[in-house]
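A.B. asks: Just to be clear, the model below is a prediction. Sequence and coordinates:
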Amino acid sequence: MTIDWHSLPPQQEPAHIPVLTPDAHHAVDWDRVRATIRRLRPLRALAVTAVGLYPAVMWCNRIAGPLAAERGVHTAFAAGAITTVVCAVGVASGGGLRRWIAGLGLVGAMGGTLLADPTRHLVVTWIVGA
């Protein structure tokens, strides 16, 4: 089956998308855009936390748990703390994509370290002083 491209109807501009002139920058209600962005900020934090849970569980199962079993609890906690500091520097100095990736790494490393059973007990011991 051959399609004759010349017989297809021409594309038309959708009626719901207005075509603005280049000098129509005042046509956008920027206050409304800023208000919408402000309302969505909590969703961004929730999204990073929710997406960060997967790396946290992976860090817990693949890095913190085995490292605590092989080298000791303090080594596992130190690995999580150092990775968190490196990711915090990435968040502070990065562009848009680097901030997101470093933020996920930060939540994953520290969250996974605190999820691991041996390091969690270590932190509780430090806090309680037992």
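C.D. replies: Thanks, I have it.
A.B. asks: As a check, name the ranges of all helices in this structure.
C.D. replies: Counting by DSSP state H, one finds helices in the chain at the ranges 30-59, 65-70, 73-93, 96-115, 117-128.
A.B. asks: Tell me, please, the helix or strand in the protein that averages the lowest pLDDT.
C.D. replies: Every helix and strand of the chain was ranked by mean pLDDT, DSSP states H and E. The lowest is helix 117-128, at a mean of 83.
A.B. asks: Just the CA coordinates for it, please, in CSV.
C.D. replies: Output of helix 117-128 as CSV, limited to C-alpha atoms (Å, rounded to 0.1, in the frame of the first residue of the first chain):
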residue,chain,number,x,y,z
ASP,A,117,19.2,-1.9,60.3
PRO,A,118,22.8,-1.7,61.6
THR,A,119,23.3,2.0,60.9
ARG,A,120,19.8,2.9,62.2
HIS,A,121,20.7,1.3,65.5
LEU,A,122,24.0,3.2,65.5
VAL,A,123,22.2,6.5,65.1
VAL,A,124,19.7,5.6,67.9
THR,A,125,22.6,4.7,70.1
TRP,A,126,24.2,8.1,69.5
ILE,A,127,21.0,9.9,70.1
VAL,A,128,19.9,8.0,73.2
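A.B. asks: other SSEs contacting it?
C.D. replies: Judged by 3 or more Cβ pairs under 8 Å, 6 or more residues apart in numbering; DSSP states H and E, helix 117-128 is in contact with helix 65-70, helix 73-93, helix 96-115. Glycine gets a C-beta too; all of them are placed from N, C-alpha and C.
A.B. asks: Residue 19 is nearest to which of these?
C.D. replies: helix 96-115 (28.7 Å; Cβ to Cβ).
A.B. asks: got the angle for the closest one vs helix 73-93?
C.D. replies: Relative orientation of helix 96-115 versus helix 73-93 (axes from the mean of the first three to the mean of the last three Cα atoms, to 10 degrees): 160 degrees.
A.B. asks: And helix 96-115, what's buried?
C.D. replies: Residues of helix 96-115 classed as buried: 100, 102-115 (neighbour count, 16 or more other Cβ atoms under 10 Å).
A.B. asks: and what of stretch 78-98?
C.D. replies: For stretch 78-98, the neighbour count (16+ other Cβ under 10 Å) marks 79, 80, 83, 84, 87, 88, 90, 91 as buried.
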